[in-house]
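>>> structure of the sequence below:
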Amino acid sequence: MRFGAKPLRSVADCVGRTPLFKLSKLTKGLKGIEVYAKLEFLNPGGSVKDRAGLMMVQQGLASGQFHQGKTLIDATSGNTGIAFSWLGASMGFAVELVMPRNVSVARKRITRAFGATLTFSDPLEGTDGAIVEARRRAEAEPNRYFYADQYSNPGNPLAHYMTTGPEILEQTHGRMTHFVAGLGTTGTLMGCSRRFKEHDAKIQVVAVEPAEALHGLEGLKHMPSSLVPAIYEPARHDDKIRVTTDEGWDMTDALLEHEGLAVGHSSGAAMVGAMKVARALHAEKREGVIVTVFCDRADRYFEAERT
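The predicted structure follows:
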């Protein structure tokens, strides 16, 4: 449990049990449709990646692949890097991150504040370039590094199968009809989908990805033009919605103005997807309980501007 009678022993004990928020203003007029967001920015590191980061570290330690003296290394666009950074500070291990040079200044400052060492890859290559460099470093010095490899590590989707999925089912009392989430590492969608389909095969799982190869929805992947994560299984989602950068940014602004939620642009894109599902159900005069995921908060985006 997140809270209890006894004091918590570690910041890691704060991961999970995030609230489910009912969107009311942006969904006004959609009779019979309920739209909820899992507020993952309330994790201690400010994002959904805290769940996967913790699981990958715990599994690495349990297997012996990660031990005292090794440095955790991984590629990141920011959020998983922040998760690894605060976990390293809390649990006492060194962290080295490879990230595109054009990630927000805020993300660079946050990870450095926790003591992580940063290496920057070509911004034009996006997260794919960071993955290639992290992999190269880990293979060159296997005794030095524990390569977390969030894009291939089964602990990533497992974290959501074990925690996020069951929490959502409990919080919706098993009434959810649709789950909508963005594709980045794909861990959230893969793990939750597996859990939901085991509960009720009728639950529709909808993936959201950027409409453009060169996009401004940081944290999400345009799969046709990217290195596809090894953990990604297309068969685990029933449909896919493509969202433009402008749609995602505009929805992020709307969530702040109308719902009082300061979230990142991937959350805006996820909400665009959820609203498209909601409007389609409404047009067909069908009812639905739609859940999406708000991955992170807006503070790490404040220094980025739309061009």
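
>>> so where's the stretch 1-150 of the chain shaky on pLDDT?
Within the stretch 1-150 of the chain, the segments meeting pLDDT under 70 span 1-5.

>>> close enough to count as contact, Gly78 and Val103?
Yes: taking CB atoms under 8 Å as the definition, Gly78 is a contact partner of Val103 at 5.2 Å. C-beta here means a position set from N, CA and C on the backbone, and glycine is covered the same way.

>>> now for the lengthiest helix in the chain, which elements pack on it?
Counting by DSSP state H, the longest helix found in the chain is helix 265-283. Under the contact definition 3 or more CB pairs under 8 Å, 6 or more residues apart in numbering; DSSP states H and E, helix 265-283 sits against strand 33-39, strand 178-182, strand 204-210, strand 239-243, helix 245-254, strand 288-294.

>>> in stretch 147-160, what's buried?
147-151, 153-160 (16 or more other CB atoms under 10 Å).

>>> quick one: Leu217 is in a helix?
No: read with DSSP: H, G, I helix; E, B strand; the rest coil, Leu217 is coil and lies in no helix.

>>> what sits against it?
For Leu217, the contact set (CB atoms under 8 Å, 6 or more residues apart in numbering) comprises Gly182, Pro210, Val243, Thr245, Gly248, His265, Ser266, Gly268, Ala269.

>>> and the residue lying closest to the last one once chain neighbours are set aside, what is it in contact with?
Meaning Ala269. Nearest residue to Ala269 in three dimensions, chain neighbours excluded: Gly248, at 3.7 Å (CB to CB, 6 or more residues apart in numbering). Gly248 makes contacts with Pro210, Gly216, Leu217, His265, Ser266, Gly268, Ala269, Val272, as judged by CB under 8 Å, 6+ apart.

>>> burial of the fourth one, as a residue count?
Right, the one you point to is His265. 28 (other CB atoms under 10 Å).

>>> is it correct that it is in contact with Thr252?
Yes: contact criterion CB under 8 Å: His265 and Thr252 qualify, at 5.3 Å.

>>> centre of the chain to stretch 216-233, how far?
Centroid separation for stretch 216-233 versus its chain: 12 Å, with CA atoms, centre = their mean, to the nearest Å.
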